[in-house]
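# With the sequence up front, the predicted model follows.
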Amino acid sequence: MARAQVLHLDPDHLRGRLLERAVEVLRAGGVIAYPTDTIYGLGCDITSKKAIERVRHIKGRDAKKPMSFVCADLTNVSHYAQVSNYAYRILKRFLPGPYTFVLPATREAPRILQGRQQTVGLRIPDHPVPMELVRLLGNPILSTSANRSGQEVITRPQDLEADLGGEVDLILECGELPVLGSSVISLVGDRPQILREGLGDLSYFREDG
């Protein structure tokens with residue numbers, strides 16, 4: 001496979017032409033690496049089962065482990081997840097932000113991305129690149145860390161190109177990012193549960209948990 005094309009982005013001055021190129025790749029069933037408000041992620045259109053399987057192959061990820069995806073807004077979230085009143089209040093308070101929220105899946109959620117308990121992990125990152133990609137594509141995009149399973153997360157563009165440049169179709173490079181992934185919070189029960197500690201203030205969830 002040819003080396004990935006690398007596009008350098010300034011998040012404060014996004015160029016539509018570059019993002020349109022990324023969306024073309026996504027629509028064609030391609031896989032991209034892109035920045036978020038936490039670490040670099042691997043993404044594809046969640047309607048492409050073949051692309052999702054390819055991401056799993058790149059990562060060496062167990063097919064039984066679910067992967068999250070980026071939604072455009074809370075209305076979009078409710079299309080793929082069952083959102084209780086208490087869950088909605090939490091989502092409205094903490095999103096956009098460096099959190100992944102696990103919720104019961106609706107019938108619209110791709111089965112391949114659901115956990116064993118028919119749940120989905122959803123993100124609305126506080127970063128213009130993934131949000132603009134979702135808007136232009138018209139579908140959510142996969143959100144999983146851009147690294148091989150079991151290895152360190154990638155936060156530097158040069159490492160991204162060295163490790164994954166021969167595996168993905170396009171890299172959206174946006175400088176060095178934080179060293180932690182998102183915090184993962186389950187909203188499946190009647191109280192939040194911290195599943196993974198990452199970026200973001202977790203004091204609210206500890207008090208309520």
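Thanks, I have it. As the structure is a prediction and not an experimental result, all values here were calculated from the model.

# beta partners of the residue nearest to residue 68 when sequence neighbours are not counted?
With sequence-adjacent residues excluded and distances taken as Cβ to Cβ, 6 or more residues apart in numbering, residue 68 is closest to residue 121, at 3.2 Å. All C-beta spots, glycine's among them, are computed from the backbone N, C-alpha and C. On the basis of DSSP bridges, residue 121 is bridged to residue 102.

# quick one: the helices in the chain?
16-27, 49-59, 74-80, 85-94, 128-137, 157-164, 203-208 (DSSP state H).

# Buried residues of stretch 39-52, list them for me.
39, 40, 41, 42, 43, 44, 45, 46, 48, 51, 52 (16 or more other Cβ atoms under 10 Å).

# Identify the farthest-apart pair in those.
The largest separation in these, counting by Cβ to Cβ, is between 39 and 48 at 22.7 Å.

# Report the central residue of this structure.
Closest residue to the average C-alpha location of the chain: residue 143 at 2.0 Å, with Cα atoms, centre = their mean.

# Which residues are in contact with that residue?
Residue 143 makes contacts with 36, 41, 43, 67, 68, 69, 70, 100, 121, 123, 125, 130, as judged by Cβ atoms under 8 Å, 6 or more residues apart in numbering.

# mind checking how far it is from residue 75?
Per Cβ to Cβ, to the nearest Å, residue 143 is found 18 Å from residue 75.

# Equivalent analysis for residue 11, please.
Residue 11 is 24 Å from residue 75, where distance means Cβ to Cβ.

# Comparing the two, which shows the higher neighbour count?
For residue 11 versus residue 75, the count of surrounding residues by other Cβ atoms under 10 Å is larger for residue 11: 13 against 8.

# what's that one sitting at in phi/psi?
phi -60, psi -20 (degrees, to the nearest 10).

# Residue 32: what's it in contact with?
Per Cβ under 8 Å, 6+ apart, neighbours of residue 32: 22, 25, 26, 42, 43, 44, 168, 169, 170, 171, 172.

# What of residue 170?
Contact analysis of residue 170 by Cβ under 8 Å, 6+ apart lists 4, 5, 6, 7, 21, 22, 25, 30, 32, 33.

# Kindly provide the distance from the closest residue to residue 95 other than its chain neighbours to residue 56.
Closest residue in space to residue 95, ignoring its immediate chain neighbours: residue 124 at 4.2 Å, by Cβ to Cβ, 6+ apart. Applying Cβ to Cβ, the value for residue 124 to residue 56 is 23 Å.

# more crowded one of those two?
For residue 124 and residue 56, the more surrounded residue by other Cβ under 10 Å is residue 124, and the numbers stand at 24 against 19.

# Double-check the more buried one against residue 71; I have them as touching.
Yes: using Cβ atoms under 8 Å, residue 124 is in contact with residue 71, at 5.8 Å.

# shared neighbours, the two?
Common contacts of residue 124 and residue 71 (Cβ under 8 Å, 6+ apart): residue 77.

# Now do the contacts for residue 27.
45, 137.

# And residue 178, by the same measure?
Contacts of residue 178 (Cβ under 8 Å, 6+ apart): 37, 38, 39, 155, 199.

# let's go with 7 Å and repeat that
38, 39, 155, 199 (Cβ atoms under 7 Å, 6 or more residues apart in numbering).
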